[in-house]
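>>> Okay, sequence plus prediction incoming.
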Amino acid sequence: MLFMRLELRGITKRFGSFTANDAIDLVVEPGEIHCLLGENGAGKSTLMNVLFGLYNADGGEILINGESVHFATSGDAVRKGIGMVHQHFMLVPVFTVAENVILGFEPTKSFNRIDYATASDKIRKFSEEFGLEVDPDAIVEELPVGIQQRVEILKALSQEAELLILDEPTAVLTPQEIESLIKIMKDLAASGKSILFISHKLKEVKAVADKITVIRLGKVVGTGLPSDSEEELASKMVGRSVNLQVEKSPHNPGAPMLEVKDLVVRDERGVTVVNNISFTVNRGEVLAVAGVQGNGQSELVEAIAGLRAVESGTISINGVRVDNASPRECLDAGLAHIPEDRQRDGLVLSLSVADNLVLNTPRAPQFAGRGSRKLQAVRENAERLVKDFDIRTESVDAPVGSLSGGNQQKVIVARELSRNVDVLIAAQPTRGLDVGSIEYVHKQFIRERDSNKAVLLVSSELDEVFALADRIAVMFQGGITGIVSPDSTRESIGLLMAGITEQVNV
Amino acid sequence: MSENKPSIWQRYLSANPVTISFLAILLGFIVGAGVIIFSSADVLHAWSQIFNSPGGILHALKVTFDNVGAAYRAMFTGSVIDPTTFWHALSTGSGWDAALTPLSETLTYAAPLVIISIGVAISFETGLFNIGANGQAILGGIAGTAFGSMIHLPMFLHLPLTLLCGIAAGAFFGLIPGVLKALTGAHEVIVTLMLNYVVAFFLLYSLLSTPLQLPGQANDLSRVILPSAQLPTFFNTATTLRVNWGIVIAIGVVAFGWWFLNRSTMGFDFRVTGANPNAARASGINPKKIIIYVFLISGGLAGLAGVVQVDGTTHSLDGGFLIGSAGIGFTAITVSLLGRNKPINVFWGAILFSALGVGGRIMQAETGIPLDLATIIQSAVVLFVATPVMVQEIFRLREGTVHTIQLNTKGWGS
Amino acid sequence: MTTVTTPVNVIRRDTPVGRTRVIGGIMIAMALFIMWVFAFGASSKATSIITFNPLNTSGGAPWTLGNLTVPSRLSDVVLALIALGTGIETIVRIPAKRVMARFGFVSVLFLLGLFVWTVRSGGPSPTNFIDLTDILVNASGITMVLIYGSMAGIMCERAGVVNIAIEGQFLGGAFVGAIVASATNSFVFATFAGAIVGALLGWVLAFFAIRYRSDQVIVGVVLVTMIGSLTNFLNLTFLTPYQQFNTGVTPNSIPIPLLDKIPIIGPLLFNQNMFFYLMYLLVGAMSFGLFKTKWGLRVRAVGEHPQAAASVGIRVKGVRYFNTILGGAIGGVGGVAFIALHGQFNPGFTSGLGYIALAALIFGRWRPAGAVVASIIFGLTSMLASGLQSFNVPVSSEILGMFPYIITIAVVSGLIGRVRAPAADGIPYKQD
């Protein structure tokens, strides 16, 4: 089969009483790059999982070149020529590139043995054909993320995909890598492949799409063209006009609160992931750490929060040294921490909202005495915070896991801000949130800054960085390539994110 | 939430923990009945003859029910109440000893089981699997027996110190897997399992080759705990009623367990660690410390259980102490799973399984069906409790609040 | 109904450097022990005889090795020095690889030192020679059972299902194996029967673990207890009255012509019962299957990253069912092999061997060859307990009996180094 025209008719998918996809129609023509635009939680990923045979649809049909098909497993979808590049790569980390690419479609010799020679040849051939250079014998977990993504694309192509689904592929890439991905996509489209590109980032969508379908709350709310303005697309996506610009007073920094000096941190494998970093966050300012995910930001935050050992260098909070301190000591020194992975590090999903709101202060004198907890006080605290921070929950006794993502994040924000300490560090605080929650969280951060707290924000979303930062530190491969003013251009920051440091200093 | 609130009846028939537990127990007894049927020559013979006579099926059914019925009846009368002796006591006003003996026995055996199960429940609630409770209890028993039989002190000192010895020995022995896990990441399941075998050998060693052995004995028997260290019984020792202060201690431990898990700050740390170890660390809890504390507390309670058993009931040790059919430690695991780690429920679970064990002995004596049936029933119950979805499907229950039990220690890595 | 799954890595790993130092320290301690206790525990005039000829074979072998008479103290001093050197080398150089191999080497030296010491002339032992071949042959039985057990475990865990129920599969296989072997006098039939029962138990584990996503450790432990008590129960109700079904038959050894005459290796590897030869096939087939074939690649993918496997159309649950059932069958055959070793069925007579097999597969890093090496080490330790008693070693048999278990604990707690289980091992797979 060459060239594919894909049509989705009335696809509906429900989870219990929640309708994730409601009668979605979509057509992708051969050689077309079709963008599916929608904010987090709009139902994009669900739709793709239905299309890829990972979920069974509750209604509607999928047509390929006019013929109705049914995918019971993703294997069926692959056989029909659909390939998917997942947001979380579907690669076995301990396998080689070759093993990952051939998995499920292994060439064999006698006795069912895998024919690795044929496999490697095939991979080299595809690498050349599509300009995707990889070493077939490299172990996947040892490759940088950008290359892993290449393996993912190669895998799909080697399975003779005519339609490629790319699910939020740019989240892990530098602006330059994004450029090269866009080029790859355009080349593929020119050779007749159809591409379904899923994103919530307007700029990329406009740069790459031939056609745009916008979905909101599980429904198609409109179509667009790359020539449409960003405002137009944004309002379609969100359903109202959005203003991601946050009002804030002029930058007026006070005394230094968080000081990091010559910090070196290693990861589990002994690789230096934070390399000789120094910076200061002052009262009344937001210092944003920008950079592509995986350049040491997470480890930097973990080191400050006491979750990761410091190899050398110092960290002090309000004058107290906390390098290699325990998390408890960091918290006591006056640190509020909004962790990157909220469900892993920030919340205990099976415990109640009330318990989660005192998760790191269970022994504070108002909540406990003589080894016993004061449950009444814990409840009252929760009632108050739920009201103040507009947390939507059935009751403060409901398990926090029953809340939506945005409200779970509000629980963490409420807990950390209510501790009323001087330094706030937040890692990717709005990842996966809907626009309403993002606006809310941003407002809270600015309020903190304006009440003279020091805020360290780590984000890989440049929009967020520009909206909140008073100064921007850019990280690349564990080092800081520059600390610049938010008036700098996107391009100059993009260069810093790629490690190019031609003197941009403020 | 407001739309069509389920009626009380519907709530009973939903997959809530209480309903699931009851149905799991029911299924456990059905499995036990199956084992009786397939191991009874009479029953199998009757079924093989069903086509030979017109009433064959009825006869076969009758034989089946007679066999199963006899077994379960013996279990019940042996552990709860025997209507005959009870009626006799009621009508004549004498013979109360015999009428109350089954209950007394059940409570006697329940006391250590309750204590050890609370310990296991605390470890489960923290996401750790203490299979070593058996060994910890045995060691507690050995230490208590040594102190209670070889040291002479007035009772007000001797008894509490004997109990304390048991707690200390159990806690110390719990420390081994705790420290190993905290420091090296050794999986506690393998370590505690191996330690159980080590303790079994140590028990024999101490009964055969140390001064703890009853003087003048060649067999594996220990000295007898002195009266000044024994837990007093409620009734005078001339009766067959052995129920003693152990059950009061057990109730105290339940109260402690309830306070600890639901009200104490340390218990909160335990629960947070059990439910999400990463979040625990990020919110300032030191998981290594918690692992060690858990095993200290869990081991200490197991040790207390061991000493309560020897101090209140047997007064001396033999080579089979607390090992029995599957071992008290295993029963404790089943009890805490059945009670879903809630101390009050664990208490009732322990009473039930202790009745099963006590009744099983009577059943073995009366019908010749081996006591192991009780363990089979217990394992089946736990299998069903650990798999609520299956029970829900078998009885077509509505979706409910119960969820599958998962430990947080998956895999084997450090 | 929600399934609470929590992430795995709680504790940061110690640096391998620290761990290597600990292992080196243990080696040095063992060296010093050889020196103090064994070397200086023997008089300078004592001699020990080491022989390699099995006492029970006739002298018809074309090749034989002579007896070796060595001075006891001097040999132990030499052994101690070699051990000390290895230990110091480990601590000083911190080698990146083969730390465990070094440890194994020192352990062997330790055993040799122990043997030389126990059989020294003038010592308490009734004989003053040690027959190394005999020792190895004695240890080979338990080793074989452990290998079956660890293969049973690897089969399941490579596909992501923790098989902690090996002990139960042993007991179930042994029970049925004893009956069928007694009734038919054929261990081939017994093997099939054991495999079927083991497969059934594997299916039960798979059913709860895969279909209901129950906690695999809980299900495994409960299954062991259930099978333990069920076999106790049936032993009393069935085997006790009908003893003709538990006669204690054992299979004959099948010598492989010529090969069985090679010193040491011959009696050890080529004059054994059918379960040994089956084991060679099994280990070979599993090493080949898991690491060379399409099947193996898919199994490992399912055990490492089931979502990735599913995304290319591999039926994750199917693979897991298949492997868990197959693993159970291997465990069941291991039980029959144990009966072949032991003769009669006795309740609970596997006494934790299934768990030691589990430790062996972890120690062997989920690789068949590694598990074989680990099983040999554990097999030797188990044999020690019984073997040393015949030499009248002044340690009570109860203390010696603890040995294999303590070694197992030592191995799982520090000596493993950094093991890396299949990433999805023990984690229920959820398909929406």
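Arrived safely.
>>> residues from the stretch 151-300 of chain B in reach of chain C?
B:180, B:182-187, B:189-191, B:193-195, B:197-198, B:201-202, B:204-205, B:208-209, B:275-278, B:281, B:287-288 (CB under 8 Å from any CB of the partner chain). Backbone N, C-alpha and C define where each C-beta goes, glycine included.
>>> rerun at 6 Å
Counting by CB under 6 Å from any CB of the partner chain, the residues of the stretch 151-300 of chain B lying close to chain C are B:180, B:184-186, B:190-191, B:193-194, B:197-198, B:201, B:204-205, B:209, B:276-278, B:287.
>>> Helix, strand or coil: sort out residue B:304 for me.
Three-state call for residue B:304 (DSSP: H, G, I helix; E, B strand; the rest coil): helix.
>>> Verify the contact between it and residue B:167 for me.
Yes: using CB atoms under 6 Å, residue B:304 makes contact with residue B:167 at a distance of 4.9 Å.
>>> Neighbour count for these two, which is higher?
A direct count of neighbours by other CB atoms under 10 Å in any protein chain shown for residue B:304 and residue B:167 places residue B:304 higher, at 32 against 23.
>>> Contacts only, for the more buried one.
The contact partners of residue B:304, by CB atoms under 6 Å, 6 or more residues apart in numbering or on different chains, come to B:115, B:166-167.
>>> List just the nearest of the residues you listed to chain A.
Closest approach between the contacts of residue B:304 and chain A, by CB to the nearest CB: residue B:167, at 18.8 Å.
>>> Look up how far chain C lies from the closest one.
Computed as CB to the nearest CB, to the nearest Å, the residue B:167 to chain C distance reads 23 Å.
>>> Could you look up the SS state of the residue of the stretch 301-432 of chain C found nearest chain A?
The stretch 301-432 of chain C approaches chain A most closely through residue C:313 (1.6 Å), counting by CB to the nearest CB. Using three-state DSSP, the structure places residue C:313 in coil.
>>> pLDDT weak spots in the chain?
Just going to use chain A. Within chain A, the ranges that satisfy pLDDT under 70 run A:1-2, A:242-245, A:502-506.
>>> my bad, chain C
Ranges of chain C meeting pLDDT under 70: C:1-18, C:53-65, C:414-419, C:431-432.
>>> on that earlier part again, now the buried members of the residues of the stretch 151-300 of chain B next to chain C.
B:180, B:184-186, B:190-191, B:193-194, B:197-198, B:201, B:204-205, B:276-278, B:287 (16 or more other CB atoms under 10 Å in any protein chain shown).
>>> any idea how far residue B:309 is from the nearest residue to residue B:153 once chain neighbours are set aside?
Take residue B:153 and drop its neighbours on the chain: the residue closest to it by CB to CB, 6 or more residues apart in numbering or on different chains is residue B:228, 6.5 Å away. To residue B:309, residue B:228 is 19 Å away according to CB to CB, to the nearest Å.
>>> For these two, indicate the residue with more neighbours.
residue B:309 (29 against 16).
>>> Which pLDDT value belongs to the residue lying closest to residue B:215 once chain neighbours are set aside?
Among residues not flanking residue B:215 along the chain, residue B:223 sits closest, at 7.3 Å (CB to CB, 6+ apart). For residue B:223, the model assigns a pLDDT of 95.
>>> Number of residues surrounding residue B:223?
When neighbours are counted by other CB under 10 Å, residue B:223 registers 20.
>>> ok, it touching residue B:213?
No: look at residue B:223 against residue B:213 with CB under 6 Å: they stay out of range, at 7.5 Å.
>>> can you list the residues of chain A near chain C?
By the rule CB under 6 Å from any CB, the part of chain A lying against chain C is A:55, A:73-75, A:78, A:90, A:92, A:94, A:103-104, A:106, A:108, A:112-114, A:344, A:350.
>>> and the residues you listed, which are buried?
Of the residues of chain A next to chain C, these count as buried by 16+ other CB under 10 Å: A:55, A:73-75, A:78, A:90, A:92, A:94, A:103-104, A:106, A:113-114, A:350.
>>> closest to chain C among these?
Using CB to the nearest CB, residue A:75 is the member of these that lies nearest chain C, at 1.6 Å.
>>> wait, what's in contact with the residue of chain A most remote from its centre?
Most distant residue from the mean C-alpha position of chain A: residue A:110, 44.5 Å away (CA atoms, centre = their mean). Going by CB under 6 Å, 6+ apart, residue A:110 touches no other residue.
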